[in-house]
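# Okay, predicted coordinates and the sequence, questions at the end:
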Amino acid sequence: MTVLLEGVNTVVVELVLGVIVVVVLSQATKPKPAAIIVVAINILFIIFSILII
């Protein structure tokens with residue numbers, strides 16, 4: 001159970017950090033390619049975290 005909880009915690013932390021990065025980039029730079037890159041990175045992080053779990 002503790003391993004699952006730690007995995008869930010890491011996923012939540014990554015999602016929160018991803019949202020913060022998206023907000024910061026969307027405010028700093030308006031172009032959409034940057035947002036697309038950030039979304040792709042977030043998806044990769046989620047996939048890696050699921051594989052680690």
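Okay, I see it. None of these values were measured; they are calculated from a predicted model.

# pLDDT weak spots in the chain?
1-5, 28-32, 34, 52-53 (pLDDT under 70).

# remind me, longest helix of it?
Across the chain, the longest stretch assigned as helix under DSSP state H is helix 2-28.

# Now it: buried residues?
Of all the residues in helix 2-28, those buried under the rule 16 or more other Cβ atoms under 10 Å are 11, 18, 22. Where you see a C-beta, it was placed from the backbone N, CA and C, and this is true even at glycine.

# Which positions within the helix or strand that that helix is followed by qualify as buried?
Once helix 2-28 ends, the next helix or strand along the chain (criterion: DSSP states H and E) is helix 32-52. For helix 32-52, a neighbour-count test (16+ other Cβ under 10 Å) marks 38, 42, 45, 49 as buried.

# is it true that V39 touches V22?
Yes: between V39 and V22 there is a contact at 7.4 Å, judged by Cβ atoms under 8 Å.

# anything in contact with each of these two?
Residues touching both V39 and V22 (Cβ atoms under 8 Å, 6 or more residues apart in numbering): there are none.

# and the longest helix of the chain, what does it pack onto?
Using 3 or more Cβ pairs under 8 Å, 6 or more residues apart in numbering; DSSP states H and E, the elements in contact with helix 2-28 are helix 32-52.

# Restricting to C-alpha, output the helix it packs on in PDB.
Extracted in PDB, the C-alpha atoms of helix 32-52 (Å, rounded to 0.1, in the frame of the first residue of the first chain):
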ATOM      1  CA  LYS A  32       1.200  27.600 -29.100                       C
ATOM      2  CA  PRO A  33       4.200  25.400 -30.000                       C
ATOM      3  CA  ALA A  34       5.700  25.900 -26.500                       C
ATOM      4  CA  ALA A  35       2.400  24.800 -24.900                       C
ATOM      5  CA  ILE A  36       2.300  21.800 -27.200                       C
ATOM      6  CA  ILE A  37       5.800  20.800 -26.200                       C
ATOM      7  CA  VAL A  38       4.900  21.200 -22.500                       C
ATOM      8  CA  VAL A  39       1.800  19.000 -22.900                       C
ATOM      9  CA  ALA A  40       3.900  16.400 -24.700                       C
ATOM     10  CA  ILE A  41       6.500  16.500 -21.800                       C
ATOM     11  CA  ASN A  42       3.700  16.100 -19.300                       C
ATOM     12  CA  ILE A  43       2.300  13.100 -21.100                       C
ATOM     13  CA  LEU A  44       5.700  11.500 -21.100                       C
ATOM     14  CA  PHE A  45       6.100  12.200 -17.400                       C
ATOM     15  CA  ILE A  46       2.700  10.600 -16.700                       C
ATOM     16  CA  ILE A  47       3.600   7.500 -18.900                       C
ATOM     17  CA  PHE A  48       6.900   7.100 -17.100                       C
ATOM     18  CA  SER A  49       5.300   7.400 -13.700                       C
ATOM     19  CA  ILE A  50       2.700   4.800 -14.600                       C
ATOM     20  CA  LEU A  51       5.400   2.500 -15.800                       C
ATOM     21  CA  ILE A  52       7.400   3.000 -12.600                       C
END
